[in-house]
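Novice: here are the coordinates; sequence isn't available:
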């Protein structure tokens, strides 16, 4: 049963990676393999740390504090894209056929946000007796798969939007994700 509980844990902490990937795909921002790897490694490190130090961290950091930090970053990214979508003129900033990628700073911020979201859950999972190695490895793998899948789905022709609408939809998704994560 340790693998099943680890798989459930990994899916639950990484569903937001799918949504973040999709929001970038909608805006035609391609998350490269290396960026996905870096984001997943940061998320993995945060989760591993929380699993390793679960009982000790709980004495100093309530579960909600780590979740709030991740939610604040996601919410702030959402506000940034909302601002960007509302202040951009009617003209597109880049060609509709052009794909851009995340900057290193944005890649690190996304990794940190996803990692912070995992810390609170990791502390609780650690206290409940989840097995460390399967949980950590499955968290890394599902993060990479969910982020890539969401990014690919968001960039499909069914979800292609103008840059302004895409930024607005992405902003709303990130803001809602930040609000939902803070409410949990």
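Specialist: That came through, no problem. Predicted, not measured: the structure shown is a model, and the values here were computed from it.

Novice: how much space between the closest residue to residue 26 other than its chain neighbours and residue 148?
Specialist: Excluding its sequence neighbours, the residue lying closest to residue 26 (C-beta to C-beta, 6 or more residues apart in numbering) is residue 154, at 4.2 Å. C-beta here means a position set from N, CA and C on the backbone, and glycine is covered the same way. For residue 154, the distance to residue 148 equals 11 Å [C-beta to C-beta, to the nearest Å].

Novice: Need the overlap of contacts for these two.
Specialist: Residues within reach of residue 154 and of residue 148 at once, by C-beta atoms under 8 Å, 6 or more residues apart in numbering, are residue 21.

Novice: More neighbours: the two, which one.
Specialist: residue 154 (28 against 19; other C-beta atoms under 10 Å).

Novice: what's the more buried one in contact with, if anything?
Specialist: Under the criterion of C-beta under 8 Å, 6+ apart, the neighbours of residue 154 are 21-27.

Novice: need the residues you listed in TSV with distance to residue 175, can you?
Specialist: Formatted as TSV, the contacts of residue 154 follow (distance: C-beta to C-beta, whole Å):
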residue	distance to residue 175
21	17
22	14
23	10
24	15
25	18
26	14
27	14
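
Novice: from these, which ones fall inside helices?
Specialist: Among the contacts of residue 154, the ones falling in helices (DSSP state H) are 21-26.

Novice: Looking at those, which one is closest to residue 101?
Specialist: The nearest member of those to residue 101, counting by C-beta to C-beta, is residue 24 at 9.3 Å.

Novice: Can you list the buried residues in the helix or strand harbouring residue 17?
Specialist: Element membership for residue 17, per DSSP states H and E: helix 2-26. Buried residues in helix 2-26, counted by 16 or more other C-beta atoms under 10 Å: 5-7, 9-10, 13-14, 16-26.

Novice: And for stretch 132-145?
Specialist: Buried, per 16+ other C-beta under 10 Å, within stretch 132-145: 132, 134-136, 138-140, 142-145.

Novice: Between those residues, which sits nearest residue 100?
Specialist: Comparing the buried residues of stretch 132-145 against residue 100 with C-beta to C-beta places residue 144 closest, at 20.7 Å.
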